[in-house]
Structures are given as structure tokens and as C-alpha cells.
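Chemist: Predicted coordinates and the sequence they were generated for:
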Amino acid sequence: MIIKLKKHKKQHANNCTLIIDKCSILFPSKSGDEHSAVLASSINAENAGLLKQTNIRVRNYTRKYFIPQFEEYGKVLFFTRPKYPSQAPFGVEFNPTKLGKEKTNALLEFIYQHFFFGDWKAYAEQATLSRADVSIDVLGLDIRKAFFSAPGAKTSQCFHGVGNRKQSEIHNFPGNKRLTIYDKAAERRERAKKDKTIVVADIPAAWTRAETNLRKCGMLRNLINLKNPLLDFSIVQRTKPEGVDQDLWNLLCLAADNTCFENVLEMISSSALRNKIKKHQAAHPIDGWDANKLWEQWPEAVKNSGLIDFLSNLE
């Protein structure tokens, strides 16, 4: 027998968009000679003005560069001279969303022209994705009007100086994933104070971002098959269940500004009340937040990023 539950009205969010916000690609090595060859090429490229050395920290690499050709699209890093011989001789880190598909292809073409020796196809097909930031922009959602849930995760908080409003919530999951939830609208308004290219009037009043920081994502050629990292995370409305005291509810919502929803429930001694609130909240998800449905956007996001275009051009 199938029981149909009454459909609740969803509020506070009207759009969810999935993007690849940042990535790091490592290119493999077949011999120690390639390490020295890449380093020599990077020095030559720096002398020619194609690279600009920077002190930005990149784990396990000692020589880092900006690529001036792409500087208007955010920080595009090239790094080489690994600390250990077993590591890839070089890699790149950039934001494919800022670059766009055309410029991402131009960047990979730049890498091919200046730092590859021998069989391009053999190298490129073995390229690995050491980091991928997969972000969901939830437009219309005020971060202070939702409960966030990530069972088993640790949390830490960050606040604005004015009004002590919550800015971010970080969930550290076992393995290779970290999830950050933050007030993207507030971040953009803060950045606009220094970056005059940002038009404050164009920033949505309510804009929340949920960003998964994934590590060791495997071969770049398999990016489209990446498993959904959102299944153990959810966002629900803060709607008071019937029969719950308003003052108690206000305190629970206040506590939720400092932790995630399951930790708030643990503060309640009555198991009956805990279960009542939990069931009520489960029936009130944020409009548009369906992890499985959202992940259907992933193949298109990969296609739009331009990250795997060069692989199809190797034949």
C-alpha cells in the first residue's frame, strides 16, 4: 500500500545551480628527467614573461607561478618542482567557472605547448584531479532561515563582525570531503568594498552557497562519473511544529546558528519531542534541494567547464 503524504509548501529558495568552482589538475611523470625538463621550461617561460612567480602555498610544490595571460579570470596557478620524486612534475589550479569553457581550453592548450614532452595523449589521459570544489548556489535562501544537517560531521563556525550574523559552517567528513555553507551575498558585498568591479546593486539580497571540497578525485577522464557528494547533507526550512513552545523554538533556532540540526536535537531531553521535530523538519525541505535531482546537472556542469574537451581532441 502506498501512502501519499500531504505536500507541504516550500519556501525561502527558488533556484539551485551546480558549478565547478575550483579544481587542481596534476599531470603524471614517466621519468625523473621530466621533472628537470619541466622546471627548466618554467624558468624559460618566466624569463619570457609567460609566468610570474608567487609565494602562494601549494602543498608539496616549491615553485609556483601565476599565468598573466589569464589573470583577469582570477588566480590561475602553475606549480612545479615537487618535494618528492614520486609526485607529478607539475599541475595547474584554477576556477573553470570564472575562466569559462573557451578560456579553460586555452589554458590547457598553453600547458600543452610549453610543458609537455613526448606523447601528449599518454600524459593527458593519465591526468588526475587532486581537488574539485563542487558548489551549489541557492538563490533566495537566507542562511539564517534554514537548518543544515550532516550526520557524523564535525563543525566550526565563522561570524560577521557586525550583528554577529553567521557567515559560514564547515562540516569535516571522514575521507576526502569537506563541506562549507556560507552567505555568498554577504561575502560579495564585503568583497565589493575592495573590488570596484563588483556592482553591489546586482548582488541578490539572499544567496547561500553550499560548497563541497573534494580531494583525490581520480582520473580527470572519469570526472563525469564522480559520485554524488551531497547525499549525506540536507537543508530544511525552520518551521515550528505544532505544539512546540514558541520560546523553546526560538532558542533552538538560535542554537542552530552555532551548529547543525542534529546537534540541536541532542539538546532536547525528551525523545518524543526530538522525534516530533525531526519528522516535521524532514517534511519541509528547502525548495529545489533534492540531492539526487541536483546531481543530474553534473554531466552538463562538466561539459560546460571545458575540463575534458582536450581529452576528446587527442584522437
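Modeler: Yep, it's here.
Chemist: show me where the stretch 201-315 of the chain has strands.
Modeler: 207-215, 234-237 (DSSP state E, counting those that start in this stretch).
Chemist: And the last one, what does it pack against?
Modeler: Read that as strand 234-237. Here strand 234-237 touches strand 146-149, helix 271-282, going by 3 or more C-beta pairs under 8 Å, 6 or more residues apart in numbering; DSSP states H and E. For the C-beta atoms, the positions are set from N, CA and C on the backbone; glycine is no exception.
Chemist: can you confirm residue 178 is in a helix?
Modeler: No. Counting by DSSP: H, G, I helix; E, B strand; the rest coil, residue 178 is not found in a helix; it is strand.
Chemist: mind listing what it touches?
Modeler: Contacts for residue 178 were tallied using C-beta atoms under 8 Å, 6 or more residues apart in numbering; they are 170, 171, 172, 212, 213.
Chemist: helix/strand/coil for residue 122?
Modeler: Secondary structure state of residue 122, per three-state DSSP, is helix.
Chemist: which residues sit in contact with the nearest residue in space to residue 309 that is not next to it in sequence?
Modeler: Spatial nearest neighbour of residue 309, excluding adjacent residues (C-beta to C-beta, 6 or more residues apart in numbering): residue 105 at 5.4 Å. For residue 105, the contact set (C-beta under 8 Å, 6+ apart) comprises 306, 309, 310.
Chemist: Where does the prediction get shaky in the protein?
Modeler: Residues of the chain that meet the criterion pLDDT under 70 lie in 1-15, 30-32, 117-120, 123, 156-169, 175, 313-315.
Chemist: Regarding the residue positioned nearest the centre of it, what is its secondary structure?
Modeler: Centroid-nearest residue in the chain, with C-alpha atoms, centre = their mean: residue 133, separated by 2.9 Å. With three-state DSSP as the basis, residue 133 sits in strand.
Chemist: what's the helix or strand for residue 151?
Modeler: Under DSSP states H and E, no helix or strand contains residue 151.
Chemist: what residues are up against the residue nearest to it when sequence neighbours are not counted?
Modeler: Nearest residue to residue 151, sequence neighbours excluded (C-beta to C-beta, 6+ apart): residue 262, at 5.7 Å. Taking C-beta under 8 Å, 6+ apart, we find residue 262 in contact with 149, 150, 151.
Chemist: which phi and psi does the last one have?
Modeler: Going back to what we said before, that points to residue 151. Torsion angles at residue 151 (phi, psi; degrees, to the nearest 10) stand at phi -50, psi 130.
Chemist: Could you report the neighbour count for it?
Modeler: For residue 151, the count of nearby residues is 12 (other C-beta atoms under 10 Å).
Chemist: before we move on, what about residue 116?
Modeler: Neighbour count for residue 116, taken as other C-beta under 10 Å: 18.
Chemist: what ranges do the strands span in the stretch 1-150 of the chain?
Modeler: 15-27, 52-54, 61-66, 77-82, 90-94, 128-139, 146-149.
Chemist: From residue 232, how far out is the residue lying closest to residue 304 once chain neighbours are set aside?
Modeler: Excluding the flanking residues, the one nearest residue 304 by C-beta to C-beta, 6+ apart is residue 101, at 6.0 Å. According to C-beta to C-beta, to the nearest Å, residue 101 and residue 232 sit 31 Å apart.
Chemist: Please apply the same query to residue 240.
Modeler: 26 Å.
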